[in-house]
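Asks: Structure here, sequence nowhere to be found:
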């Protein structure tokens, strides 16, 4: 492996290139090339593919280039097209070289160890973390930064108005207006280039804004826009920005002044992130206001989590600032507690960031930052979970109301939540988080408010969300990923299941492009599909989906268990459930008799579902299903078995859940002797499906629903 040049040499050459005459026009071209999404009519996942190209410069790289460029007064002269192209080619080459230089020590150490026959060193500490931190994927969508601003700083609006001349809502509107103008100009430039078949001399006008046009377009007073421009205007020479990881002033103040009274803004992300993050640091400089700012920052994470989780579980199941009151004192506090059915979710929120020293690879600071942001919150959640399960404490919410928990808790999920962007959060949590588990307390999940927002946007029922938590924490030691959005994207495509033969699975960022597309459609109101193709769409209109819909908001623990089981099935098994339910429903509709089928889960431990279809709900029908399930459970030597009765319309009538250790019984041995095995849910079922097909009524046959009318006049699609 050839050793690359030192980072300092590469950055020095980049710095020299960035102050070449007219380099700002190369920046404008690269920002358009690497930040734009082109689509026609509707936005499709394929349209997102360029954003995952290895040739694309990511936001941190572009911000680095802009930070180097503004070290000298900008030269706005327009070079010839050949000169601009040479700037771009040289920039791309140097940025690839910089990436190689940052990665080299890690790979070299591993290669040397391999050649020496020694144990490879752990590369993911100290300087080795600089590469995933700098090149890691964004954990937040730009529109999330934009839309969360009023909620994050709404309590600080008086301070902002007095000290900066605008409110959080006005800041959001101004930033959004600038981005809308940027999109319109970019589209206009693209269309003009297509018409004329000629590239524009420069893309810079796409990114240039005046106070008057923003005020007019956004219907905001000119002085408010001027105050906003002043607050986010780059000033100074950025002399402290010398290496990757140093504070880059253009990240906090992304509006670059021109020599003609306008400003340059090169991306949506830059202004939205600055509006989300910078105001808190302004407030810290106001010492008398500092305690209030810190309190509001902490409140935001808790209030946000409460709001998003209440949208899924219902407000009565979500409690904020829950005190664990012992006999003499408060023994703990849960920031947000979800108590639903026989499950708990404990959320401990922190408003912490990764410091500059940590970003630069200071191992001690990395550990301190992680402890303050993640490990401490997990330790608090673990302590509270154990106290809750042990009993002896009374739960009181923020208003002093007592909270009743179910008598038997089946699972407790622990969530460490941060309100700020924390680079390579999933990666660092996988490597550094020290945690414990019990039969009830599951491995923790570390996330930021941006992931929580996306999770609750896509998984909108208690069953769907808790099923995902179950599947995700079960793979805590198997998955390697840059950020959790990739994992969620994978789950939405094909269910979060990994074969046991794989010890480690690495997920590529591009897996999330369907999710990214859906979120853009929803939040930016773009034309397109608001739901990724996969587990939320493939079974629409089937008996399987109807079954899920009927049980996904149930608080009954047994029904919830069945839902979890159904959601672990693969696509073939789900289709089989649909076909078999349709078949027994049609047969019962025609002859008004009981029909049944039993499906076995693949793998261990043994488990299964017995479906009955009854024309009516009777005591005999309930007793028959219970006895059938007991026999099946015993015959399969299973600890868990489910039973569901449906009517001829496929609607759930009642259910049975049996959850107890298998125990040998002479009586049950006699009763189940010669009992035929069930069928595995994911296998081909030709004999059952043939019967289902035969049971389908003809157009003029009596409808299977029992109405007495002809099928074509009743339930025929």
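Replies: In hand now; what should we look at? Computed from a predicted structure; not experimentally measured.
Asks: Now residue 152. Nearest residue, chain neighbours left out?
Replies: residue 300 (4.8 Å; C-beta to C-beta, 6 or more residues apart in numbering). C-beta here means a position set from N, CA and C on the backbone, and glycine is covered the same way.
Asks: okay, now that neighbour: neighbour count?
Replies: Neighbour count of residue 300, defined by other C-beta atoms under 10 Å: 21.
Asks: Tell me who's in contact with residue 4.
Replies: By C-beta atoms under 8 Å, 6 or more residues apart in numbering, the residues touching residue 4 are 10, 97, 100-101, 104.
Asks: Just give me the closest of these to residue 38.
Replies: Nearest to residue 38 among these, counting by C-beta to C-beta, is residue 97 at 28.6 Å.
Asks: The closest one and residue 5 touch, don't they?
Replies: Yes - taking contacts as C-beta atoms under 8 Å, residue 97 lies within contact range of residue 5: 6.8 Å.
Asks: one step back: just read off the phi/psi values of the residue nearest to residue 152.
Replies: Main-chain torsions, residue 300, degrees, to the nearest 10: phi -60, psi -50.
Asks: distance of it from residue 676?
Replies: The gap separating residue 300 from residue 676 is 59 Å, by C-beta to C-beta, to the nearest Å.
Asks: Likewise for residue 582?
Replies: 22 Å.
Asks: Of the two, which one has the most company?
Replies: Comparing residue 582 with residue 676 by other C-beta under 10 Å, the one with more neighbours is residue 582, at 20 against 7.
Asks: Report all helices and strands that the longest helix that the chain contains contacts.
Replies: With secondary structure taken from DSSP state H, the chain has its longest helix at helix 81-115. Judged by 3 or more C-beta pairs under 8 Å, 6 or more residues apart in numbering; DSSP states H and E, the packing partners of helix 81-115 are helix 7-18, helix 23-35, helix 59-69, helix 130-135.
Asks: now that helix: mean pLDDT?
Replies: The average pLDDT within helix 81-115 is 86.
Asks: distance between that helix and the chain's centre?
Replies: Offset of helix 81-115 from its chain centre (C-alpha atoms, centre = their mean, to the nearest Å): 31 Å.
Asks: hmm, back to that, turn the helices and strands packed on helix 81-115 into JSON lines, including mean neighbour count.
Replies: Shown next, in JSON lines, are the helices and strands packed on helix 81-115 (neighbours: other C-beta atoms under 10 Å):
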{"stretch": "helix 7-18", "mean neighbour count": "16"}
{"stretch": "helix 23-35", "mean neighbour count": "22"}
{"stretch": "helix 59-69", "mean neighbour count": "22"}
{"stretch": "helix 130-135", "mean neighbour count": "21"}
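Asks: okay if I get these as CSV plus mean pLDDT and distance to residue 438?
Replies: CSV is the format used below for the helices and strands packed on helix 81-115 (pLDDT from 0 to 100; distance: least, C-beta to C-beta, whole Å):
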stretch, mean pLDDT, distance to residue 438
helix 7-18, 94, 46
helix 23-35, 96, 47
helix 59-69, 96, 40
helix 130-135, 82, 31
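Asks: one step back: buried residues in the longest helix of the chain, which are they?
Replies: By neighbour count with 16 or more other C-beta atoms under 10 Å, helix 81-115 contains the buried residues 83-84, 87-88, 91, 94-95, 97-106.
Asks: what's the closest of the helices and strands packed on helix 81-115 to residue 204?
Replies: helix 23-35 (4.3 Å).
Asks: What is the closest one packed up against?
Replies: helix 59-69, helix 81-115.
Asks: relative to helix 23-35, how tilted is the last one?
Replies: Interaxial angle of helix 81-115 relative to helix 23-35 (axes from the mean of the first three to the mean of the last three C-alpha atoms, to 10 degrees): 60 degrees.
Asks: Tell me where the model's unsure across this protein.
Replies: Applying pLDDT under 70 to the chain picks out residues 1, 106-110, 112-114, 120-126, 354, 356, 358, 360-363, 603-604, 684-717.
Asks: Could you list the domains of it?
Replies: Listed by automatic domain parsing, the domain ranges of the chain are 7-284, 314-477, 545-713.
Asks: May I see those domains arranged in a markdown table, with distance to residue 514 as well?
Replies: Shown next, in a markdown table, are those (distance: least, C-beta to C-beta, whole Å):
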| stretch | distance to residue 514 |
| --- | --- |
| domain 7-284 | 5 |
| domain 314-477 | 11 |
| domain 545-713 | 16 |
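Asks: ok, residue 214 - contacts?
Replies: 174, 177-178, 181, 220, 225.
Asks: Mark which of these are part of strands, please.
Replies: Among the contacts of residue 214, no member is found in strands (DSSP state E).
Asks: With neighbour count and distance to residue 201 added, can I get the residues you listed in JSON lines?
Replies: Shown next, in JSON lines, are these (neighbours: other C-beta atoms under 10 Å; distance: C-beta to C-beta, whole Å):
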{"residue": "174", "neighbour count": "26", "distance to residue 201": "29"}
{"residue": "177", "neighbour count": "20", "distance to residue 201": "26"}
{"residue": "178", "neighbour count": "25", "distance to residue 201": "23"}
{"residue": "181", "neighbour count": "19", "distance to residue 201": "20"}
{"residue": "220", "neighbour count": "17", "distance to residue 201": "32"}
{"residue": "225", "neighbour count": "27", "distance to residue 201": "29"}
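Asks: mind giving me a markdown table with the helices and strands packed on helix 81-115 and columns for distance to residue 663?
Replies: Listed next are the helices and strands packed on helix 81-115 as a markdown table, based on distance: least, C-beta to C-beta, whole Å:
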| stretch | distance to residue 663 |
| --- | --- |
| helix 7-18 | 66 |
| helix 23-35 | 63 |
| helix 59-69 | 60 |
| helix 130-135 | 51 |
